[in-house]
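In: predicted model and sequence below, questions to follow.
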Amino acid sequence: MRVLICTDSFKDTLDASSVGKCIEKTIQNFEEQDGSNEVICEVIPLSDGGEGFLGAFREVLNFKTGKFMVTHPAHPFCDEVNAAYGYTEGEHSIACVEFAEAAGLELVPIERRNPLKTTAVGVGQLLKHIELTHSPEIIYMGIGGSSTNEAGISILQGLGAIITMSDGTNLSRPLTGGDLFNIMGIDMSPIEFSTPIALCCDVNNPFCGENGAVAVFSPQKGAKTFEMRSELEFGMINVASLLSISCDQPCFGASGGVPGGLSALLKDKLNIKSGIEFLFSMIGIEEKVANADMIITGEGSFDSQSIQGKVIGQLYQIVERVKGSTDMVRVICGKREPLDNFKNSHVVALSEHCELEDCFNKTEECIERVISLKTDLFNPYLH
């Protein structure tokens, strides 16, 4: 009996690797009934380019981990951040970066989340350090989980760009989303950075407009009012004009418009990939699914978006294609939304069996508890 355990992170509680290892430990606690069926578990952390991207690729590539002290992290109230990144050495070397390590939403206290005041200058510093220190052939950067809506301009600033404001002065402090509307010029000539970058994400939203970065993603970053979103949107339109970016350009709305700013610098050296499809191709997910007798996946919140192209949804599609059925798939999540035309009986939510506070503060204990309660679903010796 082979059990494939591949989950996304449980946001604000456990990373994907920790979730998977907790499930594995609990599964292995089930007693074998007749001694004839050994259970072999394989744990693969998943990420679509957001939180856990670095950890997921560490498992696949077995790369070395570097650290860089980011002196301008996500927001002005934050101390310096020791951002991690991954790299390989030798021929065809690569580097892996998780945007959220330097400018992630989780770095900002909930009460201070405000994309008008957050910056990604530290991401630019990190990219510059990686090129100077390791000279990789390409940098893969997962850009989910950002706290920012700065159109990639503060990244350019971190790489060395000079930002001229409407009053004629050059901006000396880290640029934030609230500065976008007042930018008069972006001089990229001082930048000495040429490494190709592949941005890994799983959103197709345009740079601006009703489905753009501000409208869709800024509220979860703290832009709660119409006035805040309007200020950000006018700023994005200003940047689009300055850099000759089409507001309708697909994928350019990811991570607060990061692809837009970086495309102006890197041009054809910038590539945008589906984070989860890229990871699946690296790990050979179809072969692993084909060899599995039970598949356990999960994420913090399971809802209609989960099966519409996100991590779990794409995994389900692969299982259906390879196995012809998804009956062997089990889902563990923090909370869930019952879905039409879906086998909801195979979805178990921690919130339905544990106190809400425990779900956040004692997540591993809650996972162990629900698996132990739902032996009919999770005990591999019964299948």
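Out: Ah, there it is. Bear in mind that the values here come from a model prediction, so they are computed numbers and not experimental data.

In: what's the local residue count around the closest residue to Ser304 other than its chain neighbours?
Out: Spatial nearest neighbour of Ser304, excluding adjacent residues (CB to CB, 6 or more residues apart in numbering): Leu339 at 6.1 Å. Every C-beta, even on glycine, is put in place using the N, C-alpha and C of the backbone. Counted with other CB atoms under 10 Å, residues neighbouring Leu339 total 14.

In: and if you look at the one 4 residues further on?
Out: The criterion is other CB under 10 Å. On that basis, Lys343 has 13 neighbouring residues.

In: pull the contacting residues for it.
Out: Contact analysis of Lys343 by CB atoms under 8 Å, 6 or more residues apart in numbering lists 326-327.

In: repeat for Leu180
Out: 150-151, 153, 232, 234-236, 238-239.

In: Provide the backbone phi and psi angles at it.
Out: phi -60, psi -40 (degrees, to the nearest 10).

In: for Ser172, see how far away it is.
Out: Using CB to CB, to the nearest Å, we find Leu180 at a distance of 17 Å from Ser172.

In: same question for Met188.
Out: Distance, Met188 to Ser172, by CB to CB: 17 Å.

In: so between the two, which is more surrounded?
Out: Remark: of Met188 and Ser172, Met188 carries more neighbours, 16 against 6, as counted by other CB under 10 Å.

In: okay, the closest residue to that one other than its chain neighbours: pLDDT?
Out: Excluding its sequence neighbours, the residue lying closest to Met188 (CB to CB, 6+ apart) is Ala161, at 4.9 Å. Note for Ala161: predicted pLDDT of 98.

In: what about the most centrally placed residue in the chain, distance to Ile138?
Out: In the chain, the centroid-proximal residue (CA atoms, centre = their mean) is Gly50; its distance is 0.3 Å. Note on Gly50: its distance to Ile138, by CB to CB, is 20 Å.

In: could you do Ala151 as well?
Out: 23 Å.

In: cool, and Thr297?
Out: Taking CB to CB, one finds Thr297 at 29 Å from Ile138.

In: more neighbours: those two, which one.
Out: Thr297 (26 against 16).

In: buried residues in stretch 196-206?
Out: 197-203, 205-206 (16 or more other CB atoms under 10 Å).

In: looking at those, which is nearest Thr71?
Out: Proximity of the buried residues of stretch 196-206 to Thr71 (CB to CB) peaks at Ile197, which lies at 21.6 Å.

In: now that closest one: phi and psi?
Out: The phi and psi torsions at Ile197 (degrees, to the nearest 10) take the values phi -130, psi 130.

In: go ahead and confirm it touches Glu137.
Out: No: Ile197 is beyond contact range of Glu137, at 11.2 Å (criterion: CB atoms under 8 Å).

In: what's the burial count for Asp340?
Out: Asp340 has 6 neighbouring residues, counting by other CB under 10 Å.
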